[in-house]
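A.B. asks: The following comprises the amino acid sequence and a computationally predicted model.
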Amino acid sequence: MKFIGFSLDAFIQNDQSASGDIVSSLRKGDLLIRDLGYFAMATFEKIIQARAHFLSRLKYGITLSDRNGNPIELKKLLKQKHGVDRWVYIGKEKKVWVRLVMIPLPADQVAGKMRKAKKDRDARLNHSKEYYQWLRFNVYITSVDKDVWTLRQVHEAYKVRWQIEIIFKSWKSGFNLQHILHEGCTNEHRVRVAIFLLLLFMVLFMQKIYVRYKNIIERTTDKKVSLLKLSIYAGSHIKEIIAIPDKLLKEIIMLHCCYDKRSDRFNMTQRYQQYEN
């Protein structure tokens, strides 16, 4: 729940072009978890040079080769029924030594991914049979060795990345980020100030309300606070959140902003606690 920094960039700048921005902030032993939008060979290489680690999905079509530089046929890997866990080079010209992890997916998830792929109307994506075989796996690359993570733990660690999606969703849904600036607001300085003020407010909210009451409630009860629910409540009851006494705010959060109890899956707080244990 700490934010290293914020920057405002043009909407035409994609995630991949910004993938290396984080490298200057990395410290030895840090772990960077990334989705395919940030897939960049040069950045993976810089992370390794910084003596940090990464975990990412592998982009389909990337060239694979063994330690001696001999090509590895993807179709042979896709025939493995129990998954793949081996070190390989990725890349054709710029090669990076990574641990390749391929984990077979349950049949229902495979069916869902295939249905989505077949509905893709982009004429450039004429999916091959090999690609549909690819969809049967979760495919990751990492610099973390086998003596630290098992094959299954790689998959579990990647789930932590979902926390960033929850944070973004809470900001957009709870604080109505997309509605703060109306279309008639075209003054660049006004737009920048408004966005940075909102970001500052959200950082204060995360530290002074979410983290604070999350710790209090989870230490004294069996309830787990939902960031998304709390953000939505705060966005529509901002005066109450700021003005009411601590004890009453705690009761409101417990009543309206906690996860429902479920036995079929972990919420994010439970997942973190599982790793801590």
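C.D. replies: Sure thing, it's come through. Residues are numbered from 1 along each chain as shown.

A.B. asks: Spatially nearest residue to residue 100, not counting backbone neighbours?
C.D. replies: residue 88 (4.8 Å; Cβ to Cβ, 6 or more residues apart in numbering). For every residue, glycine as well, the C-beta is placed using N, CA and C.

A.B. asks: thought that neighbour was touching residue 65?
C.D. replies: Yes. In this structure, residue 88 is within contact of residue 65 by Cβ atoms under 8 Å, at 6.6 Å.

A.B. asks: on that earlier part again, from residue 99, how far out is the residue nearest to residue 100?
C.D. replies: According to Cβ to Cβ, to the nearest Å, residue 88 and residue 99 sit 8 Å apart.

A.B. asks: need the strands for the stretch 151-277 of the chain, in chain order.
C.D. replies: Assigned by DSSP state E, counting those that start in this stretch, the stretch 151-277 of the chain shows no strands.

A.B. asks: ok so, going back, kindly provide the distance from the residue nearest to residue 100 to residue 243.
C.D. replies: Using Cβ to Cβ, one gets 58 Å for the distance from residue 88 to residue 243.

A.B. asks: And residue 249, by the same measure?
C.D. replies: 9 Å.

A.B. asks: Show me which of the two is the more surrounded one.
C.D. replies: Taking other Cβ atoms under 10 Å, residue 249 and residue 243 do not tie; residue 249 has more neighbours (17 against 9).

A.B. asks: which ones are touching that one?
C.D. replies: 213, 240-241 (Cβ atoms under 8 Å, 6 or more residues apart in numbering).

A.B. asks: just for this protein, where's the confidence low?
C.D. replies: Applying pLDDT under 70 to the chain flags residues 1, 121-125, 177-178, 262-277.

A.B. asks: if you set the cut-off to 50 instead, what comes out?
C.D. replies: Along the chain, no part satisfies pLDDT under 50.

A.B. asks: what about dumping the CA coordinates of the longest helix along it to PDB?
C.D. replies: If you go by DSSP state H, the chain has its longest helix at helix 188-205. Output of helix 188-205 as PDB, limited to C-alpha atoms (Å, rounded to 0.1, in the frame of the first residue of the first chain):
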ATOM      1  CA  GLU A 188      -3.900  21.700 -19.600                       C
ATOM      2  CA  HIS A 189      -2.800  23.200 -16.300                       C
ATOM      3  CA  ARG A 190      -6.300  22.900 -14.800                       C
ATOM      4  CA  VAL A 191      -6.500  19.300 -16.000                       C
ATOM      5  CA  ARG A 192      -3.100  18.400 -14.500                       C
ATOM      6  CA  VAL A 193      -3.900  20.100 -11.200                       C
ATOM      7  CA  ALA A 194      -7.300  18.400 -10.900                       C
ATOM      8  CA  ILE A 195      -5.800  14.900 -11.600                       C
ATOM      9  CA  PHE A 196      -2.900  15.300  -9.200                       C
ATOM     10  CA  LEU A 197      -5.200  16.600  -6.500                       C
ATOM     11  CA  LEU A 198      -7.400  13.600  -6.900                       C
ATOM     12  CA  LEU A 199      -4.400  11.200  -6.900                       C
ATOM     13  CA  LEU A 200      -3.200  12.900  -3.700                       C
ATOM     14  CA  PHE A 201      -6.600  12.500  -2.100                       C
ATOM     15  CA  MET A 202      -6.700   8.800  -3.100                       C
ATOM     16  CA  VAL A 203      -3.200   8.200  -1.500                       C
ATOM     17  CA  LEU A 204      -4.400   9.800   1.700                       C
ATOM     18  CA  PHE A 205      -7.600   7.700   1.600                       C
END
